[in-house]
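Asks: Build me a model from this:
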Amino acid sequence: MSTLIILSFVASSNIFQNQLYVANGQHSQISLSNNSHYDTENDISNTLLEKFKEIVFNSTAINNSSSSSLNNIDGSKMDSSIPIVVGIVSPNGTQVSGYGNISNFNSTIVDGNTVFDIASISKTFVAIILADMVDQGLVNLNDPIEKYLHSDKVIVPSYDGHKITLEHLATHTSGLPDFPTGWIRNHSYTTQQVYDFVSNTTLESKPGTKADYSDIGMGILGHILSLKAGVSFDQLVKDKILNVVAMKSTGMRMNTTSVSVPEEIKYRYAVGHIAGNEVNLEFVPETIQSAGAMYSTINDLLKYLSANIGLIQTKLDGAIEETHLIRHSFGQSSDNKSLKDYIGLGWTVTTDFGSEVIWHTGSIDGYTSVIGFNPSKQIGLAILCGCNYDDYSLRDMINLVIPFLIYYR
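Replies: Numbers count the residues shown, from 1 in each chain. The predicted structure is shown next:
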């Protein structure tokens, strides 16, 4: 990108203490470690990669577990096996910077075509499918969800007679918890068992009044849309989004009973890590796989971001724009007190009332990810990491990404 870029961040950010300038091909003052793999022309993605590496590799959990490490730019130890890829897209083009290898047994250097779990970023695909099906008149945001679920198999909870609607699920305002009491992650549940969990759940608040993140809620939404369309969610997301945007390395990584990575991408699927150790892919029950069982690459996500910021036009434009609209307040995720969070359909919207960023994170065993974009400035960012959300500060990642997108110019 030859245009002048100023990464100007508020003083309260604990990631950037000073302004960082990258202008007209001039490299930043951050030194680049020898184990990073990228073209030196990618100034912005290089710089963001270095800052994200500081967040990840300064972690005690990772540093103490690694026997194969090298010096970070500040002298601390970093595990060279943990894969990270950063991608940027704007009207000036794309930048991609990678670090690390596919796995301990596959020394292939990660790049824009490396596959990662994207976890809860899957929820944004659910939201776009919902908005598209609303546009087609197939469903209505105000429809109670019990309209689409078999009453003899599941009793949908309500709150003093107030029912959960499709919009409530998409905006995390259903009153459902993140997961029901007794839920065990990485465990195989049948559809009926998931229904039983829902039936025995007491809503924590009146639907539509409070936004609290709910994996089970968004998973049920994807399940409902799949039932309405009469196809699996895997096929639904292909038909509605992936084939439209030409995301050929994105999809679902499991079937009804087990993890099932397509053969053609196994060789480029980065292995995830917990406390610096390689781990197996986490299983998500079929009924709620739409909430977090997708994989993708940086190159595919840059196409997805391009569609969301209007750099490419598709038949999904109307549905995509609908998901960006603020529908409810959603607390605050950044340390910058001037930034406020809201919820659209699936997406978090953060604003300083002068500019806004639309974004979502993803966290699952061994993987962390984030995508976000500033629609008015048409800048998008994606980070994929084979590192666990408990091993470093997720808040530090947010403090890196959100200010960059808000104040980009």
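
Asks: ok, and the helix or strand in the chain with the lowest average confidence?
Replies: Scoring the helices and strands of the chain by mean pLDDT, DSSP states H and E places strand 20-22 at the bottom, with a mean of 33.

Asks: Helix, strand or coil: sort out residue 220 for me.
Replies: helix (DSSP: H, G, I helix; E, B strand; the rest coil).

Asks: Next up, the contacts around it.
Replies: Counting by CB atoms under 8 Å, 6 or more residues apart in numbering, residue 220 makes contact with 145, 169, 176, 194, 198, 287-288. For the C-beta atoms, the positions are set from N, CA and C on the backbone; glycine is no exception.

Asks: pLDDT score for residue 395?
Replies: pLDDT for residue 395: 89.

Asks: Just the pLDDT for the residue of the chain positioned farthest from its centre.
Replies: With distances taken as CA atoms, centre = their mean, the residue sitting farthest from the centre of the chain turns out to be residue 152, at 34.6 Å. We have a pLDDT of 93 for residue 152.

Asks: Under a three-state scheme, what state does it occupy?
Replies: Of the three states, residue 152 takes coil under three-state DSSP.

Asks: what's the distance between it and residue 202?
Replies: Counting by CB to CB, to the nearest Å, the gap from residue 152 to residue 202 is 21 Å.

Asks: Contacts only, for the spatially most central residue of the chain.
Replies: Taking CA atoms, centre = their mean, the centroid of the chain lies closest to residue 121, which sits 3.0 Å from it. Contact partners of residue 121, counting by CB under 8 Å, 6+ apart, are 294, 296, 301, 360-362, 369-371.

Asks: which non-adjacent residue is nearest it?
Replies: Residue nearest to residue 121 in three dimensions, not counting chain neighbours: residue 362, with 4.2 Å by CB to CB, 6 or more residues apart in numbering.

Asks: so the one you found sits in a strand?
Replies: Yes: using three-state DSSP, the assignment for residue 362 is a strand.

Asks: Tell me what it is bridged to.
Replies: Assessed by DSSP bridges, residue 362 has beta-bridge partners residue 369.

Asks: Could I get the contacts of residue 220 in CSV, plus columns for distance to residue 98?
Replies: Shown next, in CSV, are those (distance: CB to CB, whole Å):
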residue, distance to residue 98
145, 41
169, 35
176, 38
194, 37
198, 40
287, 35
288, 31
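
Asks: Give me the subset of the residues you listed lying in helices.
Replies: Counting by DSSP state H, the part of the contacts of residue 220 found in helices is 169, 194, 198.

Asks: for these, which one is nearest residue 183?
Replies: Of all the ones in helices among the contacts of residue 220, residue 194 has the smallest distance to residue 183: 9.2 Å, by CB to CB.

Asks: Pull up the per-residue confidence for the nearest residue to residue 222 once chain neighbours are set aside.
Replies: Leaving aside its sequence neighbours, residue 222 sits nearest to residue 290 (CB to CB, 6+ apart; 2.4 Å). With respect to pLDDT, residue 290 scores 96.

Asks: How about the contacts made by residue 290?
Replies: Residue 290 makes contact with 122-123, 125-126, 218-219, 221-223, 225-226, 233, 237 under the criterion CB under 8 Å, 6+ apart.

Asks: that older thread, out of the contacts of residue 121, the closest to residue 158 would be?
Replies: For the contacts of residue 121, the nearest to residue 158 is residue 360 (28.1 Å; CB to CB).

Asks: And that closest one, what's its pLDDT?
Replies: Looking at residue 360, its pLDDT reads 98.

Asks: Likewise for residue 337?
Replies: So residue 337 comes in at 82 (pLDDT).
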